[in-house]
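1. Any chance you can model this:
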Amino acid sequence: MTESLANQLLTNKRRMVAAESCTGGLLCGQLSSIPGASSWFEGGFVTYALSAKRSMLGVPSATLDHYGAVSEPTARAMAEGALRHTTAHLSVAISGIAGPEGGDVLVPVGTVWFAWATHQAPAAPTCVYAAQHHFSGTRREVREQAVTIALEGSLQVAMDLS
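-> Okay, here's the model as predicted:
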């Protein structure tokens, strides 16, 4: 799937960026594993702490305070912030709770929010899609499942950009 995404981005002369939280750079590692990735993958932000989401991506404190880190508004703000801080055309954001601890009744372990945004100059970054998924399994399995969903969604958005 990563190779399909790379080919789609290369064909359309587009670049992408990632903003990760619960996956801790696992997606960026997958994206950069392909030789020549720098021609379509600009880089990534690993914003595990709330302070990093604010300072690195510009996620508003009010969003984090009101909705929390694992929410649709936060994932959207992360995706849009990643584009504002780069020259990429497409971004994906991941924020969730991989476990085994940290969840609660409202946001249980395995809850992950995703958002994809596009930036087609001169327009401002726009979130085009957000989705919530609930995964089961170990911490490693939740993180791996999140990477798969991020890749699937990125490929779909990249195809829509063509």
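
2. and residue 121, what pLDDT?
-> Listed pLDDT for residue 121 reads 66.

3. same deal with residue 68?
-> The model reports residue 68 with a pLDDT of 97.

4. For it, list the residues it contacts.
-> Residues in contact with residue 68, defined by C-beta atoms under 8 Å, 6 or more residues apart in numbering, are 74, 107. (C-beta placed from N, C-alpha, C; glycine too.)

5. Check the spacing between it and residue 136 real quick.
-> Per C-beta to C-beta, to the nearest Å, residue 68 is found 21 Å from residue 136.

6. Can you classify the residue of the chain positioned farthest from its centre by secondary structure?
-> In terms of distance from the mean C-alpha position of the chain, residue 105 ranks first, at 24.2 Å (C-alpha atoms, centre = their mean). Counting by DSSP: H, G, I helix; E, B strand; the rest coil, the backbone at residue 105 sits in coil.

7. Would you mind giving the secondary structure of the most centrally placed residue in the chain?
-> When the chain is reduced to its mean C-alpha position, the nearest residue by C-alpha atoms, centre = their mean turns out to be residue 93, at 1.8 Å. Secondary structure assignment for residue 93 (three-state DSSP): strand.

8. which residues touch it?
-> The contact partners of residue 93, by C-beta under 8 Å, 6+ apart, come to 18-21, 75-76, 78-79, 82, 113-117.
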